[in-house]
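**Student:** sequence and predicted model, in that order:
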Amino acid sequence: MKKIINNPKAGQPIGPYSQAVLAGNNLFVSGQIALDSSTGNLINNSIEEETHQVMKNLGLILEEANLSFNDVVKCSIFLKDLGNFLKVNEVYGSYFTEGNFPARETVEVSKLPKDVNVEISLVAYMD
């Protein structure tokens with residue numbers, strides 16, 4: 001069974017895709033950027049602030065599916081500049097508790113939607 005998950009408090013999709021799709025016990029969350037849903041503006045004064053907004057959007061989508069960061073099994077991080085890895089990693093890591101880190105890859109890409117610096121997608125598992 002497949003169910004579309006959308007949280008209007010998270011940054012809304014900028015194309016023909018869903019924020020997330022629940023398929024069986026797996027939640028597949030589309031890549032999120034630092035869109036503030038209340039203003040529609042990008043939050044990108046610093047890479048740390050931008051990453052926090054991305055993680056906040058991911059958290060809101062997880063919450064809509066009655067999940068949390070503790071249920072995340074896989075993340076993909078896309079950076080425009082791998083030189084920001086340590087700063088992004090520090091913010092990202094603060095959202096996971098008790099060493100409950102998911103599998104992950106981090107890659108540098110030449111361009112991201114709306115010319116953002118970071119985009120993160122994830123897969124979560126529901127017991």
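**Tutor:** Looks like it came in fine. These numbers were taken from a predicted model, which means no experiment stands behind them.
**Student:** and the helices in this protein?
**Tutor:** Along the chain, counting by DSSP state H, helices occupy 47-64, 85-93.
**Student:** deepest of these, which one?
**Tutor:** helix 47-64 (a mean of 21; mean count of other C-beta atoms under 10 Å). The way it works is simple: take the backbone N, C-alpha and C, and place the C-beta from them, glycine included.
**Student:** quick one: the strands in the chain, in order.
**Tutor:** Under the criterion DSSP state E, the chain contains strands at 2-5, 20-23, 26-32, 72-79, 103-108, 118-125.
**Student:** so which of those is nearest residue 49?
**Tutor:** strand 118-125 (10.6 Å; C-beta to C-beta).
**Student:** what angle sits between that closest one and strand 103-108?
**Tutor:** Interaxial angle, strand 118-125 versus strand 103-108 (axes from the mean of the first three to the mean of the last three C-alpha atoms, to 10 degrees): 160 degrees.
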